[in-house]
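[1] Dropping the sequence and predicted coords here.
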Amino acid sequence: MSEEKKGFFARLKEGLTKTRDNIVRGIDSVFSGFSAIDDDFYEELEEILIMGDIGVNATTAIVERLKQQVKEKHIKEPSECKQLLIESIKEQMQVDETAYDFEKEQSVIMVIGVNGVGKTTSVGKLAGKLKDEGRKVLIAAADTFRAAAGDQLAEWASRADVPMIGGKEGADPASVVFDAVNAAKARGVDVLLIDTAGRLHNKKNLMEELRKMNRIIDKEFPNAHRENLIVLDGTTGQNALVQAREFGEVADLTGIILTKMDGTAKGGIAVAIQSELKVPVKYIGVGETIEDLQKFNSEEFVNALFDVNMEDIGELHLPENEQQTDTQEE
Ligand SMILES: Nc1nc2c(ncn2[C@@H]2O[C@H](COP(=O)(O)OP(=O)(O)OP(=O)(O)O)[C@@H](O)[C@H]2O)c(=O)[nH]1
């Protein structure tokens, strides 16, 4: 690599440039264009948030919270609302600490989503991250439908230096899962990561296959902590919500991996997802390399979105390793 890689926060901020142009500029113009905080002001603000892919539910909650604060704090100037709005969005997106318990427990993580959203890449990145944290990781390549998927995952497994099971084109995905679960138990693996197909002959088959895999894990490994992480492509906007709802019908979704947040104009979808689906965004991806996936942090995300300088806001409650990496690299 010719130039030194920037810290995650800097990459996130850069990645959110288009989203920022989309949302924050509009918000700023409302704050500077209105001389009073009235119904028109709130309406205009709502419109910009909704247009910015933040979604109706989240927008309503954010604006309601803002109204309440304006009243309580006796604020008169629209410009004084900006910080309150930022805080309100952060609150809306907070992820509970327990969301990452599975990282420390014996767990089986099934990674699901439509094809091309970044499942294989995310499994590889997550494997590397957990391995670095000292966890014993095993990858199961249950996407046996797409010819190159197994090879692609094998490459990630070797990059992350973790073993992989399965990956043979045409093999029965459920039997790959069965083998992987039993290997995980026999080898005392901490985290089993399962990459699944995003496409089969038809949608019904795909959903049936997922159900079957779920049943096998439940039956063979009832004591493991279960996670079903859906991967959503941040550039698809509202369609990501539709996908999550569909997969939610066959698997109990416990979290979201939001990928391709580098260069999307629709980054506001992160806010919408959290409030519409009540499923937390646990990781975000801002590029194609192993260090480009990080835990989602609402503070960091909203600051990056609004271009708030991290130093200006004092100590952040980032997970330890992220905090160190960013300060060192920047
Ligand atoms: N820019 C960017 N590209 C990403 C990110 N995550 C994944 N990609 C790219 O998206 C493309 C698809 O990723 P895959 O991991 O193959 O997607 P998949 O969901 O496994 O696809 P199927 O195996 O077809 O179901 C690849 O070119 C990845 O490099 C990200 O965070 N940012």
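    Alright, I've got the coordinates.
[2] pLDDT below threshold where in the chain?
    Within the chain, the stretches with pLDDT under 70 are 1-5, 200-201, 309-330.
[3] which residues of it fall in helices?
    Ranges of helices within the chain are 8-15, 17-33, 39-51, 56-72, 81-93, 119-132, 149-160, 173-187, 203-220, 239-248, 269-277, 298-305, 320-329, based on DSSP state H.
[4] buried stuff in the third one?
    Of the residues in helix 39-51, those buried by neighbour count under the rule 16 or more other CB atoms under 10 Å are 41, 42, 44, 45, 46, 48, 49, 50. In short, each C-beta sits where N, CA and C put it, glycine included.
[5] about what we covered before: closest to residue 143 out of the helices of the chain?
    Residue 143 lies closest, by CB to CB, to one member of the helices of the chain: helix 149-160, at 4.0 Å.
[6] Is the ligand within reach of that closest one?
    Yes: contact of helix 149-160 with the ligand (CB under 6 Å from any ligand atom) involves residue 149.
[7] Which residues belonging to that helix are considered buried?
    Buried-residue list, helix 149-160, by 16+ other CB under 10 Å: 149, 150, 152, 153, 154, 156, 157, 160.
[8] May I have that helix exported as CSV, CA atoms only?
    Provided in CSV are the C-alpha atoms of helix 149-160 (Å, rounded to 0.1, in the frame of the first residue of the first chain):
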residue,chain,number,x,y,z
ALA,A,149,-18.0,-18.3,-3.1
GLY,A,150,-16.0,-21.1,-1.4
ASP,A,151,-12.7,-20.0,-3.0
GLN,A,152,-13.3,-16.4,-2.0
LEU,A,153,-14.1,-17.4,1.6
ALA,A,154,-11.0,-19.7,1.7
GLU,A,155,-8.9,-16.7,0.7
TRP,A,156,-10.4,-14.7,3.6
ALA,A,157,-9.9,-17.6,6.0
SER,A,158,-6.2,-17.8,5.1
ARG,A,159,-5.9,-14.0,5.4
ALA,A,160,-7.5,-14.1,8.8
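[9] Report the contact partners of the closest residue to residue 285 other than its chain neighbours.
    Excluding its sequence neighbours, the residue lying closest to residue 285 (CB to CB, 6 or more residues apart in numbering) is residue 259, at 3.8 Å. Residues in contact with residue 259, defined by CB atoms under 8 Å, 6 or more residues apart in numbering, are 117, 118, 121, 122, 231, 232, 233, 234, 284, 285.
[10] what about the third one, neighbour count?
    It refers to residue 121. By other CB atoms under 10 Å, 24 other residues sit near residue 121.
[11] And the first one, by the same measure?
    Burial measure for residue 117: 25 neighbouring residues, criterion other CB under 10 Å.
[12] From residue 95, how far off is the residue nearest to it when sequence neighbours are not counted?
    Once flanking residues are discounted, residue 117 sits nearest to residue 233: 4.3 Å by CB to CB, 6+ apart. According to CB to CB, to the nearest Å, residue 233 stands 20 Å off from residue 95.
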